[in-house]
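1. Here's my sequence, what's the structure:
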Amino acid sequence: MTLKELYGEIEKYLDQTIEIKGWIRRHRKQKEFGFIDFSDGTCFKHIQIVYDKETKDFDHIDALKHGSAIRVLGTLVKSEGKGQDYEIKAQEVTLEGDCGDDYPLQPKQHSREFLREIGYLRPRANLFQAVFRIRSVAAMAIHTYFQERGYVYLHAPLITASDCEGAGEMFQVTTLDLDRVASSGKLDYNKDFFGKPASLTVSGQLQGETFAMAFRNIYTFGPTFRAENSNTKTHASEFWMIEPEMAFCDLNGLMDIEEDMLKFIVKYVLEHAKDEITFCDQFVEKGLIEKLEKLVSSRFTRITHEEVIKILKKAKVDWEFTPEYGEDIAKEHEKYITEYFNGPVFITDWPKDIKAFYMKQNSDGKTVAAVDLEVPGAGELMGGSQREEDYDRLINRMNEMGVPVEGMEWYLNLRRFGGCIHSGFGMGFERLLIYLTGVENIRDVIPYPRTPGNCEF
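-> Residues are numbered from 1 along each chain as shown. Reported below is the predicted structural model:
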């Protein structure tokens with residue numbers, strides 16, 4: 001039996017003999033009796049194992065160490081102690097896997113920095129039991145949302161010859177002997193595996209657009225890679241992205257989907273990860289549940305970038321970065337604008353010179369039909385746009401921005417072969433998890449973080 005099964009119908013098993021298998025999270029020993037805090041990983045809840053001098057092999061049980069794997073045969077009873085409603089009175093406790101005295105995860109407070117150093121053990125800590133179960137539930141929520149609405153799940157390629165963002169910050173993929181290349185000073189891509197430069201993807205958007213022109217509504221959900229030498233709390237070199245693409249959908253329709261999807265995910269996690277969210281509310285971010293519930297019931301404001309700058313300029317705030325028309329906004333501006341409207345804010349119609357080549361150009365010649373969603377306490381959570389569907393305007397824009405047309409003919413041909421108005425957005429999964437859990441560092445919401453100078457485990 002698992003603890004998840006036990007807690008699902010716990011009254012049914014009261015006063016019954018049951019067998020469970022799992023690990024010792026804490027062992028409190030007394031002269032005549034002892035208490036084992038037991039977890040089997042199937043749910044966030046633990047259960048207390050009680051044993052005494054009458055229990056078989058008392059001395060052997062008393063010698064069991066923190067972290068050991070055990071099998072317990074015992075009777076489920078009402079607990080007479082504080083802190084739990086039920087406990088198991090042990091009849092037998094069998095050691096399945098011993099744990100050495102040098103076990104680093106002792107039952108005491110550990111810093112998150114230390115836990116990253118023992119990343120292969122940190123899933124056993126309560127915080128990460130909560131975080132990674134929420135991650136699992138949130139992933140299911142995303143698939144549920146799109147699958148129930150008829151979207152096709154696309155597995156976009158991880159190796160690509162195109163740079164979606166045009167930023168060039170990509171990890172190169174090669175089978176060439178780099179030491180030989182360095183010594184010879186010659187680089188011949190014709191001898192490389194693909195016969196041309198190839199990289200790890202920064203986005204599945206462009207491939208997603210091709211499938212949207214066939215299936216109408218699609219989404220990708222998978223790893224992406226950015227070779228940014230950034231050590232902030234919100235950047236990682238490998239992270240997961242959700243990128244839907246919808247045909248016959250303009251910018252307003254896109255915002256409708258973004259809002260609906262986010263509210264669905266948050267509500268789903270609140271319903272399906274109650275224990276984990278409660279833990280995070282108590283020990284990570286006070287008021288987390290209230291924040292999430294407020295988002296579900298909030299009205300999302302829609303406002304243009306120009307209007308945002310006007311509000312920021314009128315604000316009586318000593319800005320670290322002065323807000324300017326035609327420029328991006330800073331974290332402090334994002335925070336102010338969500339507080340100003342007391343809820344999530346869609347910022348639309350961004351200056352074209354700070355946005356990507358594929359975005360729909362507005363009639364004013366200055367802005368594009370792009371949108372960023374800002375949420376209280378987290379800032380930008382999603383970014384999207386209506387895509388440029390006009391063939392000639394897209395080529396002109398690529399030329400203006402120095403984006404090579406060669407090699408992108410397949411993408412341009414989408415505008416020649418039955419193209420239509422279409423839109424899409426991207427949401428970093430780890431950014432969402434930071435918001436859902438209150439854990440502020442991206443390194444603590446992804447199992448094995450990849451950051452500059454760090455590729456452990």
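2. Tell me which helix or strand residue 350 sits in.
-> Following DSSP states H and E, one finds residue 350 within strand 345-351.
3. Using PDB, write out every CA atom in that strand.
-> Output in PDB follows, covering the C-alpha atoms of strand 345-351 (Å, rounded to 0.1, in the frame of the first residue of the first chain):
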ATOM      1  CA  VAL A 345      -1.900  43.700 -17.200                       C
ATOM      2  CA  PHE A 346      -1.600  43.000 -20.900                       C
ATOM      3  CA  ILE A 347       0.800  45.600 -22.500                       C
ATOM      4  CA  THR A 348       0.200  45.700 -26.200                       C
ATOM      5  CA  ASP A 349       1.500  47.500 -29.400                       C
ATOM      6  CA  TRP A 350       5.200  47.600 -28.600                       C
ATOM      7  CA  PRO A 351       7.800  49.700 -30.500                       C
END
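4. Mind giving me the packing neighbours of it?
-> Applying 3 or more C-beta pairs under 8 Å, 6 or more residues apart in numbering; DSSP states H and E, we find strand 345-351 packed against helix 251-272, strand 301-304, helix 305-314, helix 331-341, strand 367-375. No exception for glycine: its C-beta is placed from N, CA and C like everyone else's.
5. Now the longest one: buried residues?
-> Translated: helix 251-272. 251, 254-255, 257-259, 261-270, 272 (16 or more other C-beta atoms under 10 Å).
6. could the helices and strands packed on strand 345-351 go into TSV alongside mean pLDDT and distance to residue 16?
-> Formatted as TSV, those follow (pLDDT from 0 to 100; distance: least, C-beta to C-beta, whole Å):
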stretch	mean pLDDT	distance to residue 16
helix 251-272	98	28
strand 301-304	98	55
helix 305-314	97	62
helix 331-341	95	52
strand 367-375	97	47
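7. Out of those, which gets nearest to residue 233?
-> Residue 233 sits nearest to helix 331-341 of all those, at 11.0 Å, using C-beta to C-beta.
8. In the protein, what residue spans correspond to helices?
-> Under the criterion DSSP state H, the chain contains helices at 3-8, 58-62, 112-117, 126-148, 178-184, 205-215, 251-272, 274-283, 288-297, 305-314, 331-341, 391-401, 409-412, 429-437.
9. okay if I get the helices and strands packed on strand 345-351 as CSV plus distance to residue 63?
-> Shown next, in CSV, are the helices and strands packed on strand 345-351 (distance: least, C-beta to C-beta, whole Å):
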stretch, distance to residue 63
helix 251-272, 39
strand 301-304, 62
helix 305-314, 64
helix 331-341, 53
strand 367-375, 51
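10. Which residue ranges of the stretch 51-200 of the chain form strands?
-> Ranges of strands in the stretch 51-200 of the chain, per DSSP state E, counting those that start in this stretch, are 69-78, 86-97, 152-154, 159-160, 172-173, 198-200.
11. which one of those has the most crowded surroundings?
-> Among those, the stretch with the highest mean neighbour count (mean count of other C-beta atoms under 10 Å) is strand 198-200, at a mean of 19.
12. So in that sheet, which strands flank that strand, and in what orientation?
-> Looking at strand 198-200 with DSSP bridges, its partner strands are strand 159-160 (antiparallel), strand 172-173 (antiparallel).
13. could I get those strands as TSV with distance to residue 326 and mean pLDDT?
-> Shown next, in TSV, are these (distance: least, C-beta to C-beta, whole Å; pLDDT from 0 to 100):
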stretch	distance to residue 326	mean pLDDT
strand 159-160	31	93
strand 172-173	33	93
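14. got the ones you listed as JSON lines, with distance to residue 364 columns?
-> Output for these, formatted as JSON lines (distance: least, C-beta to C-beta, whole Å):
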{"stretch": "strand 159-160", "distance to residue 364": "33"}
{"stretch": "strand 172-173", "distance to residue 364": "39"}
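15. just to revisit the earlier point, the strand holding residue 350 vs helix 251-272, what angle?
-> Strand 345-351 and helix 251-272 are oriented at 150 degrees to each other (axes from the mean of the first three to the mean of the last three C-alpha atoms, to 10 degrees).
16. Residues contacting strand 345-351, please?
-> Contacts to strand 345-351, defined as C-beta atoms under 8 Å, 6 or more residues apart in numbering, come from residues 251, 255, 258-259, 300-306, 308, 325-327, 329, 337-338, 362, 366-374.
17. Could you list the paired strands of that strand along with their orientation?
-> The sheet places strand 345-351 alongside strand 301-304 (parallel), strand 367-375 (antiparallel), with pairing taken from DSSP bridges.
18. neighbouring contacts of the shortest one?
-> Okay, so that is strand 301-304. Strand 301-304 has contacts (C-beta under 8 Å, 6+ apart) with 255, 341, 343, 344, 345, 346, 347, 348, 349, 367.
19. Looking at the residues you listed, which one is closest to residue 1?
-> For the contacts of strand 301-304, the nearest to residue 1 is residue 344 (43.1 Å; C-beta to C-beta).
20. Give the full set of residues in contact with the closest one.
-> Counting by C-beta under 8 Å, 6+ apart, residue 344 makes contact with 259, 262, 295, 298, 300, 301, 338, 373, 374, 375, 376.
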